[in-house]
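>>> sharing a sequence plus its predicted fold:
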Amino acid sequence: MFHLKSSLLATLCLGPVITLHAEVPANYQGKPFTDTYHKSGPPNIPGIVQCALYDLGGEGVAYHDTDAVNNGSGKLNLDPKHQREHAGEYLWHFRKDEGMDLSFVKDFADLNHTNLVTPHINQLYIGWTADGEWVNYTVNVARPGSYRIKALYSFQTNSVTFDLNGQPAAACRLPVPTLNYHQWNYAEIGTIKFSEAGLQLLTFHYGKGNNFAYFVFEPVEAPVAVQKVTVPGQVNRPGRIEIPTDNSVDVLKAIDAARSTKR
Ligand SMILES: [Ca+2]
C-alpha cells in the first residue's frame, strides 16, 4: 500500500506542464482599473472585457481620445433628463473627468425599441467614437490559445483591431449593421491568439460609427489537458487512467477503478 501511495505522489508531482508567462510591456505606465466598486483586478481571459473599465493612466497612456471632455458622463448626463433613476449617480458620471466618452444603456434611448440583441439596462459603454481612437486593457490570460472575440456593439459595419503587448494581434469586423447608435447587436467579430499566459496589454483600436459595451473572449477549442494517473503494483486493471478536467473522476476513484474487476 505504501508503495502505491508513493508512486501516485510521484506521478502527480510531475504532472503539470510548465507554461511560459508573458508580461505587460515594461515601459507601459497604465494600471488595471479599480475603484470602490471594482476590486477584482484585471479581467480574465477567457472572460469578459468591459469597455468602460479601461486602464487607469489617462490620455496618451491608457487611451487616446480626440477631446478631453467625457461627452457622456461629463456632459450629456449632466442633463437631468438623462439622469435615469434606474442608474444612479455613480453610473451617470462614471469616470467623468477622463477624456474617454462613456454612457450607459437607458430605458428611453436603448430599450424603447427592438434591438437585434437587447443589452442589459445600465450597461456601460464607450460612445462618441472617432477615427484614430484607442484604449488599453491590462488582461490576465488564464489559458493560452486561440479565442473567438464576440462584441456587444451598435451601428455600423466597421473594422476594428486589437494589439497585444504593442504588436498587431487581430483584425476584426463588426458583421451586421444596426439602425443607429442606440440599437444594439451581439456577434462574433474575429479571433485572436494569446500565445502565453499571464498579465498582458490588450489595445483596442476603433473609429467613428459605433458604440462598444464589452468583448467576450471564448476559447476556439475546448481545453485538451487531461491528467493521467499510473497505478502500479497489484491491480486488476493495469494501465493509464485519465482524470477528466471536470473532476468527474478524482484520484481516489481512479485507484478504485484500477482495483476493480469490472470493466
Ligand atoms: Ca472625449
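Done, it's in.
>>> which of the helices or strands spans the residue located most distally from the centre of the chain?
What lies farthest from the middle of the chain is Gln234; by CA atoms, centre = their mean that is 48.0 Å. Using DSSP states H and E, Gln234 sits in no helix or strand.
>>> contacting residues for it?
Applying CB atoms under 8 Å, 6 or more residues apart in numbering to Gln234 gives no contacts. For the C-beta atoms, the positions are set from N, CA and C on the backbone; glycine is no exception.
>>> tally of neighbours for Ala213?
23 (other CB atoms under 10 Å).
>>> what does the stretch 101-250 of the chain put close to the ion?
Asp101 (CB under 5 Å from the ion).
>>> where does the stretch 101-250 of the chain get nearest to the ion, which residue?
Across the stretch 101-250 of the chain, the shortest distance to the ion (CB to the ion) belongs to Asp101, at 4.4 Å.
>>> mind listing what that residue touches?
65, 69-72, 126-129.
>>> which ones among the residues you listed map onto strands?
Residues of the contacts of Asp101 located in strands (DSSP state E): Ile126.
>>> make a markdown table from the contacts of Asp101 and add pLDDT, distance to Asn44 and neighbour count to it.
What follows is those, written out as a markdown table (pLDDT from 0 to 100; distance: CB to CB, whole Å; neighbours: other CB atoms under 10 Å):
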| residue | pLDDT | distance to Asn44 | neighbour count |
| --- | --- | --- | --- |
| Asp65 | 98 | 26 | 22 |
| Val69 | 98 | 32 | 16 |
| Asn70 | 98 | 27 | 24 |
| Asn71 | 98 | 30 | 17 |
| Gly72 | 98 | 27 | 27 |
| Ile126 | 98 | 21 | 26 |
| Gly127 | 98 | 26 | 24 |
| Trp128 | 98 | 29 | 21 |
| Thr129 | 98 | 26 | 21 |
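>>> now, which of the contacts of Asp101 sits nearest Tyr54?
Proximity of the contacts of Asp101 to Tyr54 (CB to CB) peaks at Ile126, which lies at 8.2 Å.
>>> quick check, pLDDT for Lys262.
With respect to pLDDT, Lys262 has a value of 59.
>>> actually Ala10, sorry about that
The model reports Ala10 with a pLDDT of 39.
>>> cool, Gln227 as well?
Model confidence at Gln227 (pLDDT) stands at 66.
>>> circling back: can you tell me the closest non-neighbouring residue to the residue of the stretch 101-250 of the chain closest to the ion?
Trp128 (3.6 Å; CB to CB, 6 or more residues apart in numbering).
>>> these two touch, right, that neighbour and Gly72?
Yes - the pair formed by Trp128 and Gly72 meets the contact definition of CB atoms under 8 Å, at 6.8 Å.
>>> okay, and the beta partners of Thr203?
For Thr203, the beta-bridge partners are Asn136, Asp163 (DSSP bridges).
>>> neighbours of it, just the number please.
Residues near Thr203, counting by other CB under 10 Å: 23.
>>> residues contacting it?
Thr203 touches 134-137, 162-164, 166, counting by CB under 8 Å, 6+ apart.
>>> of these, which is the most crowded?
Tyr137 (25 neighbours).
>>> what number of residues are in the vicinity of the closest residue in space to that residue that isn't next to it in sequence?
Of all residues not flanking Tyr137 in the chain, Leu202 sits nearest, at 4.6 Å (CB to CB, 6+ apart). Here the count is done by other CB under 10 Å, and Leu202 has 27 residues near it.
>>> likewise Ala222?
8.
>>> check the gap between it and Arg143 for me.
Distance of Ala222 to Arg143, computed by CB to CB, to the nearest Å: 11 Å.
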